[in-house]
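> I'd like to go over a predicted model; first the sequence, then the structure.
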Amino acid sequence: MKASLRVFFKLLYHQFAFAYDLVAAAVSFNRWKDWVVEVVPFIEGTRILEIGHGPGHLQRILLSRNLVAVGIDESSQMGLLGRHNTRGVARLTRGLAQHLPFRSESFDSIVSTFPSEYIFDDRTLAEVKRCLSDGGRFVVLPIALPKNRFLDWLFKVTGEAPSEAMDVMKSKLTEPFVKAGFETEVRTLDVGSSLLLVVVAKKNSRSRKSIGTM
């Protein structure tokens, strides 16, 4: 099943990229774009890199706020779609998160919404840290959870109170970032019928200590 899902998402992100927005809207009950916007308040500074820019919706928002936004994506099809959706004004490049083609300390914030597991790769996190300025933020929105159904399921499966199970999930999310030397916290956003978990990882050359979860 897991292998089949990987094939499906690979096709969706490449050959069938034209259908990405339709699928995303369907699985999120038309909330996908609203969820993406929720990361904006966590972004600091004016030089912003988006890893996995996809169809370019966040790029459009960042540019509308007069930020110096750059996007990178492995998919050439998403590059074409992103340029179309931003009317060709977005600064998009093709490349891998594990080998970012940017100078060290080029960005104040780096952001990624709903990325696949590559975002937790040690090489990705090392590259992100290299490209961030001191005190810069890596903001990741990895998952959106249906509030009531998911919490009920957690209680049944784990036998723990939903809040305790959520704490375990947050801890698992922070582990790769803490290991990479980021000061890390997880914010929980209540957006209607869903919960968003947003990882905020700060580059701090003076400390490798986690500041916990919220």
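Sure thing, it's come through.

> so what secondary structure elements neighbour the top strand by length along the chain?
Counting by DSSP state E, the longest strand found in the chain is strand 132-146. Contacts defined by 3 or more Cβ pairs under 8 Å, 6 or more residues apart in numbering; DSSP states H and E place strand 132-146 against helix 32-37, strand 107-113, helix 122-131, strand 194-203. Where you see a C-beta, it was placed from the backbone N, CA and C, and this is true even at glycine.

> One more pass at 10 Å, please.
helix 32-37, strand 47-51, strand 107-113, helix 122-131, helix 147-158, helix 162-179, strand 182-191, strand 194-203 (3 or more Cβ pairs under 10 Å, 6 or more residues apart in numbering; DSSP states H and E).

> ok and that strand relative to strand 182-191, angle-wise?
Orientation of strand 132-146 against strand 182-191 (axes from the mean of the first three to the mean of the last three Cα atoms, to 10 degrees) gives an angle of 30 degrees.

> Just checking: what are the partner strands of strand 132-146?
Applying DSSP bridges, strand 132-146 is found paired with strand 107-113 (parallel), strand 194-203 (antiparallel).

> So which bits of that strand are buried?
Of the residues in strand 132-146, 132, 136, 137, 138, 139, 140, 141, 142, 144, 145 count as buried by neighbour count, 16 or more other Cβ atoms under 10 Å.

> Export only the CA atoms of that strand, formatted as PDB.
Extracted C-alpha coordinates of strand 132-146, given in PDB (Å, rounded to 0.1, in the frame of the first residue of the first chain):
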ATOM      1  CA  LEU A 132      19.700  30.300   6.500                       C
ATOM      2  CA  SER A 133      21.100  33.400   8.100                       C
ATOM      3  CA  ASP A 134      21.900  33.200  11.800                       C
ATOM      4  CA  GLY A 135      18.500  33.200  13.700                       C
ATOM      5  CA  GLY A 136      16.700  32.300  10.500                       C
ATOM      6  CA  ARG A 137      13.600  30.100  10.500                       C
ATOM      7  CA  PHE A 138      12.800  26.900   8.800                       C
ATOM      8  CA  VAL A 139       9.000  26.700   8.700                       C
ATOM      9  CA  VAL A 140       7.400  23.300   7.700                       C
ATOM     10  CA  LEU A 141       3.700  22.400   7.500                       C
ATOM     11  CA  PRO A 142       4.000  18.600   7.300                       C
ATOM     12  CA  ILE A 143       0.400  17.500   8.100                       C
ATOM     13  CA  ALA A 144      -3.200  18.500   8.500                       C
ATOM     14  CA  LEU A 145      -5.400  16.300  10.700                       C
ATOM     15  CA  PRO A 146      -9.200  16.000  10.800                       C
END
